[in-house]
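**Q** give me the fold of what follows.
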Amino acid sequence: FMRVVRVVSRSEAVISKSTVDDVNRLADQAADILAKAREAALEPAARKTLRKFSLTEVAALLGVSVKTIQRGLKSGELPQGERAPGNRLLFALEEVHALQDKLGLSPARDPRTDAPVVIAIANFKGGVGKTSTTVHLAQYFALRGYRTLAVDLDAQASLTTLFGILPDSEVPTEETALPYFEGSADTLPVRRTHWSRLDLIPANLSLYGAEFSLANRQNTEEGFRFYRALETGLKPLYPNYDVIVIDTPPSLSYVTMNALYAANGLIVPVPPAMMDFASANLFFSLLADIMKTIDRTEGGQKVYDFLGLLISQYESGNVIHQTIHDWVRAAFQNRVLLNSMVKSAALRVGPEMLTAYELTSNQANRRTLARALEHLAEVNGEIERLVRAQWASKSSPRLVAGRSAPPSAPKKAATEPPAGAAA
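**A** The predicted model follows:
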């Protein structure tokens, strides 16, 4: 990756007056570096590909023993995977899902009784871990075998970028939600990703235009309610998915209000810092005002099946973090998820553009990655239980965030880090 850029020394740097042309050149230069960085990260292929999973990891993902899978392989009834150097057996995620289906272990909802759960990851402040929470939650659900849709509603398009897609050169405006918000398209565009059972509605900078379009339609179209647009667009997609996860802009906007209205589950990441604690307080105050206004318009109450705060970027050895962690739990009580998401080097996406679920122990410190995957399994597993509690076909007891202790985390594989999903 370091071959991509030439580092400029301090003696060379010149801070000078700038025109619009200079700003345009900066944007072009940054885009060029990003494209080259992605090229270097993804070589020899031009697209992201997902790593394969060992037999031990597959067993952990499916919650069965290695011997159970081996028996099925010998009988020829299961996907056979491929032999890697050292006689290791590896499976693509598509094969893992096929194994899961063959063994009757699919976690999918029953469409006769269960509706898909739409989860908005929201906070009006940036830098709190919304996109990281969204991508790892969506990938967790896909790993577990749920049909998952990730929706990028942030014009900065960080979620889209994490799928190895360059937003401004590889995502035409018509493939974002903008045309639908404008009223010029009848459906929301869905794109396949390199993850089995995980699709994406991507974003790019043009999505900023949705703010003007929704406001204009509210003023000019009789009966149009701007906050209903996303919900209306997602409904035709419901039969295709079990879980829909939405990454929202870091602001109170027309687009954010669409996400908040479309969702029936809400997760609010809050780092244990004073400004973030104050921001969370403001978020709920503004959310209450928004919901009251919408309730009056709709003539009924908007109800979230679950609403939980996630303490993110937490460092247990940091005294300030411990103090504010306690404040958050005292202020919001049973609305705080039992598990916190730690700050980890494995969760900081580098030039390789790999999430924690995409990393291997060869690409990160083995212990650091294992700890990060363990915490992800706890946090995402807790959210998964909240999701399954909404489905009548599932026998899991109904949970409310923070009120019931989650079952113990799955045992890690004996010889390598788990694939990151709870058994």
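**Q** need phi/psi at residue 145.
**A** Main-chain torsions, residue 145, degrees, to the nearest 10: phi 100, psi 0.
**Q** part of a strand, is residue 118?
**A** Yes: looking at residue 118 with DSSP: H, G, I helix; E, B strand; the rest coil, it is inside a strand.
**Q** any idea how many residues pack against it?
**A** By the criterion of other CB atoms under 10 Å, residue 118 has 23 neighbours. Just so you know, the C-beta spots here come from the backbone N, C-alpha and C atoms, and that holds for glycine as well.
**Q** try residue 80
**A** Residues lying near residue 80 (other CB under 10 Å) number 11.
**Q** go ahead and confirm it touches residue 74.
**A** No: counting by CB atoms under 8 Å, residue 80 stays clear of residue 74, with 10.2 Å between them.
**Q** can you give me the strands in the stretch 201-350 of the chain?
**A** Secondary structure of the stretch 201-350 of the chain (DSSP state E, counting those that start in this stretch): strands located at 243-247, 265-270, 306-311.
**Q** likewise the stretch 51-200 of the chain?
**A** With strands called from DSSP E, counting those that start in this stretch, the stretch 51-200 of the chain shows them at 53-54, 82-84, 88-91, 117-121, 148-152, 191-192, 198-201.
**Q** which helices and strands sit right next to the last one?
**A** Packing partners of strand 198-201 (3 or more CB pairs under 8 Å, 6 or more residues apart in numbering; DSSP states H and E): helix 130-144, strand 148-152, strand 191-192.
**Q** tell me, how many residues neighbour the closest residue in space to residue 307 that isn't next to it in sequence?
**A** Leaving out its chain neighbours, the residue that sits closest to residue 307 by CB to CB, 6 or more residues apart in numbering is residue 266, at 4.6 Å. When neighbours are counted by other CB under 10 Å, residue 266 registers 22.
**Q** need the contact list for residue 266.
**A** Under the criterion of CB atoms under 8 Å, 6 or more residues apart in numbering, the neighbours of residue 266 are 119, 120, 122, 260, 304, 306, 307, 308.
**Q** and those residues, which of them are buried?
**A** 119, 120, 122, 260, 306, 307, 308 (16 or more other CB atoms under 10 Å).
**Q** point out where the protein drops to low pLDDT.
**A** Applying pLDDT under 70 to the chain flags residues 1-18, 20-47, 346, 348-352, 361-362, 364, 395-423.
**Q** what ranges do the helices span in it?
**A** Counting by DSSP state H, the chain has helices at residues 20-42, 55-62, 66-75, 93-102, 130-144, 158-162, 167-170, 178-182, 210-220, 229-234, 254-262, 274-298, 319-332, 366-388.
**Q** for the third one, packing partners?
**A** Spelled out, that is helix 66-75. Going by 3+ CB pairs under 8 Å, 6+ apart, helix 66-75 lies up against helix 55-62, helix 93-102.
**Q** not counting its neighbours along the chain, what's nearest residue 132?
**A** residue 347 (5.8 Å).
**Q** what's the neighbour count on that neighbour?
**A** By other CB under 10 Å, the burial measure for residue 347, its neighbour count, is 22.
**Q** who's in contact with it?
**A** 132, 136, 341, 356, 372.
**Q** I'm done for today, thanks for sticking with me.
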